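[1] Provided below are the primary sequence and the corresponding predicted coordinates.
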Amino acid sequence: MIKVVAKVVAKPEKVNETETIMKSLIPITQKEKGCISYELFQETAKRNTYFFVETWGSKEALDQHLSNDQYDTFFKSRRRTLFRTARG
């Protein structure tokens, strides 16, 4: 089992747009093969900071998730315009 915590910091002027898109990814991702859990949390002190907390059944399942179209569209194509990320 693999646990991932992905931090997303929305640009202040793009918080609503970023949050809407991130929330739309949740039900899609939760249906992916090997996804045990996929949740989004918002930091209370910094309202533009979010965390995806993910649990995957295997490295292969996580790799498949990272190569799918939804991930690619959201995280790669919009990274510079909406937010910045830090995975750890």
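    Looks like it arrived, so ask away. Bear in mind that the values here come from a model prediction, so they are computed numbers and not experimental data.
[2] Going by C-alpha atoms from here, please, whenever you check contacts or count neighbours.
    Fine.
[3] Please, where are all the strands along this protein?
    In the chain, the strands defined using DSSP state E lie at 2-10, 35-42, 49-56, 83-87.
[4] looking at those, which is closest to N68?
    Of all the strands of the chain, strand 35-42 sits nearest to N68, with 13.2 Å by CA to CA.
[5] How about C35, nearest residue that isn't a chain neighbour?
    Once flanking residues are discounted, C35 sits nearest to W56: 4.8 Å by CA to CA, 6 or more residues apart in numbering.
[6] That neighbour: what's it in contact with?
    Applying CA atoms under 8 Å, 6 or more residues apart in numbering, we find W56 in contact with 1-3, 34-37, 62.
[7] go with 7 Å
    Residues in contact with W56 (CA atoms under 7 Å, 6 or more residues apart in numbering) are 1-3, 34-36, 62.
[8] again with P12
    Counting by CA under 7 Å, 6+ apart, P12 has contacts N48.
[9] That one and E43, how far apart?
    P12 is 14 Å from E43, where distance means CA to CA, to the nearest Å.
[10] number of nearby residues for the residue lying closest to K33 once chain neighbours are set aside?
    Leaving aside its sequence neighbours, K33 sits nearest to A61 (CA to CA, 6+ apart; 6.6 Å). Using other CA atoms under 10 Å, A61 has 17 other residues around it.
[11] centroid residue for the protein?
    Centroid check for the chain by CA atoms, centre = their mean gives F52 as the closest residue, at 5.0 Å.
[12] tally of neighbours for the residue nearest to that one when sequence neighbours are not counted?
    The spatially closest residue to F52, leaving aside those adjacent along the chain, is L40, at 4.5 Å (CA to CA, 6+ apart). Look at L40: counted by other CA under 10 Å, it has 18 neighbours.
[13] List the residues that contact L40.
    Applying CA under 7 Å, 6+ apart, we find L40 in contact with 50-53.
[14] Dump the residues you listed to TSV, plus pLDDT and distance to M22.
    Listed next are those as TSV, based on pLDDT from 0 to 100; distance: CA to CA, whole Å:
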residue	pLDDT	distance to M22
Y50	94	9
F51	95	10
F52	95	9
V53	98	12
